[in-house]
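**Student:** can't give you the sequence, but here's the structure:
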């Protein structure tokens, strides 16, 4: 497969900020906890499970399933579809300088169209 390049653009939610401690993924639910608290955000169970469960293979060696502390320039990001999303659970933290904007709307699928505060 292809790797994420330095020019790849994707949309994720920032849930962990520089200095956050004790980032852990619950093995059973795949939920993320920071400092012992579940991350706050919208329902991430919006997508059906992918039949081959490929995300499980990626999470086995995920770089972000257990972190002691986020560095001064690090953010932790999650996708909206926990069952299939490749996010910080898999690739670890991202430099906060990689954030280039904020989405204004979700347009696909149409059943989940939303404008404004995502």
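**Tutor:** Happy to help now that I have it. Keep in mind it's a predicted model, so treat the numbers as computed, not measured.

**Student:** So residue 83: helix, strand or coil?
**Tutor:** Of the three states, residue 83 takes coil according to DSSP: H, G, I helix; E, B strand; the rest coil.

**Student:** Go ahead and confirm it touches residue 55.
**Tutor:** Yes: counting by C-beta atoms under 8 Å, residue 83 does reach residue 55; the two are 6.5 Å apart. C-beta: built from backbone N, CA, C; applies to glycine.

**Student:** what residues are shared contacts of those two?
**Tutor:** residue 30 (C-beta atoms under 8 Å, 6 or more residues apart in numbering).

**Student:** Need the pLDDT of the most centrally placed residue in the chain.
**Tutor:** What sits nearest the mean C-alpha location of the chain, by C-alpha atoms, centre = their mean, is residue 78, with 1.4 Å. Model confidence at residue 78, expressed as pLDDT, equals 92.

**Student:** How far off centre is the helix or strand harbouring residue 68?
**Tutor:** Assigned by DSSP states H and E, residue 68 belongs to strand 66-69. The chain centre lies 15 Å from the centre of strand 66-69; the measure is C-alpha atoms, centre = their mean, to the nearest Å.

**Student:** looking just at contacts, which helices and strands does whatever helix or strand comes next after that strand meet?
**Tutor:** Toward the C-terminal end, the helix or strand that comes next after strand 66-69 (DSSP H and E) is strand 74-78. With contacts defined as 3 or more C-beta pairs under 8 Å, 6 or more residues apart in numbering; DSSP states H and E, strand 74-78 has these neighbours: strand 13-16, strand 32-34, helix 88-91, strand 94-95.

**Student:** Strand 74-78 pairs with which strands?
**Tutor:** Applying DSSP bridges, strand 74-78 is found paired with strand 13-16 (antiparallel), strand 94-95 (antiparallel).

**Student:** got the contact list for the residue nearest to residue 23 when sequence neighbours are not counted?
**Tutor:** Closest residue to residue 23 apart from its sequence neighbours, by C-beta to C-beta, 6 or more residues apart in numbering: residue 67 at 4.1 Å. Residue 67 makes contact with 22-24, 76, 92-93, according to C-beta under 8 Å, 6+ apart.
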